[in-house]
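A.B. asks: Could you work out the structure for the sequence below:
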Amino acid sequence: MRSPIVTIHTVSSISPVTARKNKHCLHFFSCARRVKASIRCNVLTKEQLEIRASRCGSNDAPSVCGYNRFRSPMDVWLAKTGRSTFEGNEATDIGNELEESIARMVDKRLGIGPLHKVTKTTVLGPFCATPDFVSDSGEILEIKNVGSTMADDWEGDEPPIYVRAQLQWQMMVCGLSSGFVGALIGGRRVRHFGPYGADTEWQERMITMVTAFWKDHVIPEIPPPFTGSTADDEYLKSEHPRNIHDVRPATDEENVRAAELRVRREVARHHARELHRIESEIKDSIAAHSGIETTSGKLSWIATKDRQSVDWEAAAVRLGKLAGKEAFEAAVADYTFTTPGYRVLRVPRSWGPKK
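C.D. replies: You can find the predicted model right below:
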């Protein structure tokens with residue numbers, strides 16, 4: 001028998017005092033309205049988007065604290081200062097559509113239902129959170145749809161640390177004291193983790209780091225330190241798109257950083273060559289087999305499927321000859337566009353101190 005899932009519209013804000021006093025967060029349910037359950041894409045309202053844009057949510061906090069290797073503090077800063085937006089993609093749409101089905105499968109194993117689908121954001125001062133599901137007894141169930149490429153991160157006894165941090169943030173903001181994580185992994189296997197209790201020390205550490213991040217970077221719109229993420233490139237392209245002035249003498253600090261860059265580039269080239277050498281040796285030893293089963297897991301070397309491609313330029317030239325020169329030139333003009341240039345950091349081959 002299916003565990004019932006009903007939709008809950010949560011209260012929009014609670015005070016820190018209420019959150020701490022109410023262990024099971026009765027206030028969290030006081031303005032709840034149950035509606036008929038339905039399988040649907042969970043689209044955020046304009047109000048929710050505004051709340052999330054101006055506060056640190058459970059997806060943001062782990063990234064600010066350095067727990068999420070897929071999202072950096074710079075990503076959060078760009079979003080909170082309005083420099084970048086993410087409105088979802090096919091993967092997030094699929095996850096939203098599957099969320100309730102995954103929750104039912106997980107609850108068959110946990111038995112914590114009935115579950116309430118949370119559709120509005122809870123606010124605690126500058127913080128916010130929107131748990132996926134909450135049970136009658138006040139237990140959070142966070143659901144993840146994990147692709148096959150990420151399956152290895154979910155093979156251990158616990159989910160990735162950024163997911164556990166996300167759950168702690170939700171418990172802190174909503175005033176709840178227990179939670180679970182459920183995941184559909186690679187579309188083939190369902191796993192659940194927990195229960196996890198509220199770790200107040202961990203929560204306080206995250207609060208301290210997020211508060212400092214908000215005060216030092218988001219409010220004054222000062223970018224956080226670079227971490228080597230792709231978001232660093234996004235910031236640099238946005239803030240310094242073109243070179244306007246001539247080359248100038250480097251400062252003492254810039255000379256030190258330039259020397260470090262030279263050393264690290266050499267090390268990176270060496271590691272790249274070593275990586276390629278080891279890969280080549282393994283491929284040679286695999287030979288005509290599909291792969292090898294090692295003590296660390298399976299290594300495969302499999303050919304991709306053959307695919308056809310079209311030489312569109314040659315096809316266009318041929319059609320142009322058939323249509324005539326004038327028609328061909330008009331078509332070329334209609335479909336010619338300019339791609340903005342971008343800045344490249346060029347390092348000379350013979351780079352070193354001038355004699």
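
A.B. asks: CA only for contacts and neighbour counts going forward, please
C.D. replies: Fine.

A.B. asks: The stretch 101-250 of the chain: strands as residue ranges?
C.D. replies: Along the stretch 101-250 of the chain, counting by DSSP state E, counting those that start in this stretch, strands occupy 115-118, 122-124, 127-129, 133-135, 139-146, 178-185, 189-197.

A.B. asks: List just the one of these that sits closest to Leu78.
C.D. replies: Distance to Leu78, taken as CA to CA, is lowest for strand 127-129 among the strands of the stretch 101-250 of the chain, at 17.3 Å.

A.B. asks: now the closest one: mean pLDDT?
C.D. replies: Averaged over strand 127-129, pLDDT sits at 93.

A.B. asks: hmm, back to that, so for Arg52, which of the strands of the stretch 101-250 of the chain sits nearest?
C.D. replies: Closest approach to Arg52 among those (CA to CA): strand 127-129, 7.0 Å.

A.B. asks: by contact count, what packs against that closest one?
C.D. replies: strand 122-124, helix 161-174 (3 or more CA pairs under 8 Å, 6 or more residues apart in numbering; DSSP states H and E).

A.B. asks: Now do it: everything it contacts.
C.D. replies: 51-52, 55-58, 121-123, 169-170, 173-174 (CA atoms under 8 Å, 6 or more residues apart in numbering).

A.B. asks: run the last query once more with 6 Å
C.D. replies: The list of residues contacting strand 127-129 from outside it, by CA atoms under 6 Å, 6 or more residues apart in numbering, reads Arg55, Cys56, Gly57, Ser58, Thr121, Thr122, Gln170.

A.B. asks: starting at the chain centroid, how far to that strand?
C.D. replies: Centroid separation for strand 127-129 versus its chain: 17 Å, with CA atoms, centre = their mean, to the nearest Å.

A.B. asks: again, but for stretch 231-241
C.D. replies: 19 Å.

A.B. asks: cool, stretch 112-122 as well?
C.D. replies: That offset, for stretch 112-122, works out to 23 Å (CA atoms, centre = their mean).

A.B. asks: Between the two ends of it, what distance do you get?
C.D. replies: Terminal residues of stretch 112-122 lie 22 Å apart, using CA to CA, to the nearest Å.

A.B. asks: I'd like the mean pLDDT over that stretch, please.
C.D. replies: Computed over stretch 112-122, the mean pLDDT rounds to 84.

A.B. asks: Same check on stretch 65-83?
C.D. replies: Mean per-residue pLDDT for stretch 65-83: 94.

A.B. asks: And for stretch 337-345?
C.D. replies: 88.

A.B. asks: The helices and strands packed on strand 127-129 into CSV, with extra columns for distance to Pro114?
C.D. replies: Listed next are those as CSV, based on distance: least, CA to CA, whole Å:
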stretch, distance to Pro114
strand 122-124, 20
helix 161-174, 19
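
A.B. asks: Fine by me, we can end here.
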